[in-house]
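Peer 1: Following is a predicted model, sequence given first.
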Amino acid sequence: MTPKILVLISGNGSNLQALINAKEQGQLKAEISLVISSSSKAFGIERARKHNIPVRVHELKSYYQGIPKEEKAKRAEKRNDFDQDLVKIILSEKPDLVVCAGWMLILGEKFLQPLQEKNISIINLHPSLPGAFEGINAIERSYNAGQNGEITKGGIMIHRVILEVDRGQPLIVREIDVIKGETLESWEARIHSLEHQAIVDGTNKALDELK
Ligand SMILES: Nc1nc2c(c(=O)[nH]1)N[C@@H](CN(C=O)c1ccc(C(=O)N[C@@H](CCC(=O)O)C(=O)O)cc1)CN2
Ligand SMILES: NCC(=O)N[C@@H]1O[C@H](COP(=O)([O-])[O-])[C@@H](O)[C@H]1O
């Protein structure tokens, strides 16, 4: 039985495209059974649809409707509802593995706990080395650190997803050297190039570890 992966995206979807390409070239040990996007505007939706992969949009803003930013407790409640509804979608799909490929939302306990109980592994692609630049805008932050001489290497990792953001066990780590005077665009392109192979290798490695 071919394993099933479910891919979470929020934007361009170039890493989803890398998984789709790998599947079509026989280099991915799974089928992509569903793509879930946290934004209805994500270009990754088009990428999935072009390859007849089912898509669901699951947007946080629809949960926050009518709740002002100041009402933090109410928003936290709705955030839990968002996570719990996301779990329902995923459990109905029964994937072997969930791959966060540019999913730009922190996954809370209400999401992680039920998936752990069902033994569904979750991995994430993050554009920095373990222990550095957790969170968003990691590419720009690592670029600035490199150009300021604070780091000599950057890179990416595929890691297991735990509650602590970007602190899960790394499965794949790939490095690049800082080049002084390099443009942000060039740094970003080198990072993305690393990502597009690592997302496939990391997914295959996580699938192998399920056996
Ligand atoms: N519990 C976990 N959730 C997620 C992880 C993780 O390791 N543990 N990885 C992320 C992906 N990610 C970095 O790789 C990441 C994405 C988004 C954020 C974040 O701060 N999101 C904010 C919204 C940011 C914004 O849109 O301005 C939020 O969720 O409120 C941090 C890290 C996937 N989730
Ligand atoms: N913290 C998570 C994070 O920053 N993820 C990053 O989002 C981009 C998604 O690109 P894509 O939509 O083209 O695959 C990738 O660079 C990925 O590393």
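Peer 2: Arrived safely, thanks for sending. Ligands and ions are numbered 1, 2, ... in the order given.
Peer 1: Nearest spatial neighbour of Asn15, chain-adjacent residues omitted?
Peer 2: Counting by C-beta to C-beta, 6 or more residues apart in numbering, Asn15 lies nearest to Ala101, which is 4.0 Å off, once chain neighbours are set aside. From N, CA and C alone the C-beta is placed, and that goes for glycine too.
Peer 1: My error: substitute Val98 in the last question.
Peer 2: Spatial nearest neighbour of Val98, excluding adjacent residues (C-beta to C-beta, 6+ apart): Ile122 at 4.4 Å.
Peer 1: pLDDT (mean, whole number) over the helix or strand that neighbour falls within?
Peer 2: Applying DSSP states H and E as the criterion places Ile122 in strand 121-126. Throughout strand 121-126, pLDDT has a mean value of 98.
Peer 1: One more: stretch 138-150?
Peer 2: Here stretch 138-150 scores 98 as its mean pLDDT.
Peer 1: What is the neighbour count of Glu117?
Peer 2: Under the neighbour criterion other C-beta atoms under 10 Å, Glu117 is assigned a count of 9.
Peer 1: Against Gln65, how distant is the residue sitting nearest the centre point of the chain?
Peer 2: Geometric centre of the chain, nearest residue: Cys100, 2.4 Å, by C-alpha atoms, centre = their mean. Cys100 sits 25 Å away from Gln65, going by C-beta to C-beta, to the nearest Å.
Peer 1: Same check on Gln197?
Peer 2: Gln197 is 40 Å from Gln65, where distance means C-beta to C-beta.
Peer 1: which residue sits closest to the residue lying farthest from the centre of the chain, ignoring its sequence neighbours?
Peer 2: Centroid-distance maximum for the chain: Gly181 at 29.6 Å, with C-alpha atoms, centre = their mean. Nearest non-adjacent residue to Gly181, counting by C-beta to C-beta, 6+ apart: Gln147, 7.9 Å away.
Peer 1: Check Lys205 too.
Peer 2: Per C-beta to C-beta, 6+ apart, closest to Lys205 is Leu171, 5.2 Å.
Peer 1: ditto for Gly154
Peer 2: Using C-beta to C-beta, 6+ apart and skipping the chain neighbours, the partner closest in space to Gly154 is Ser142 (4.4 Å).
Peer 1: Phi and psi next, for the one you found.
Peer 2: Main-chain dihedrals, Ser142, degrees, to the nearest 10: phi -70, psi -30.
Peer 1: Over to Ile89?
Peer 2: When read as degrees, to the nearest 10, the backbone of Ile89 gives phi -60, psi -50.
Peer 1: so how many other residues sit close to it?
Peer 2: Ile89 sits with 13 neighbouring residues when counted by other C-beta under 10 Å.
Peer 1: number of nearby residues for Arg47?
Peer 2: Arg47 has 20 nearby residues by other C-beta under 10 Å.
Peer 1: now Phe43
Peer 2: A count of nearby residues for Phe43, using other C-beta under 10 Å, gives 15.
Peer 1: What segments of the protein are helices?
Peer 2: 14-24, 43-50, 61-64, 72-93, 109-117, 138-147, 184-208 (DSSP state H).
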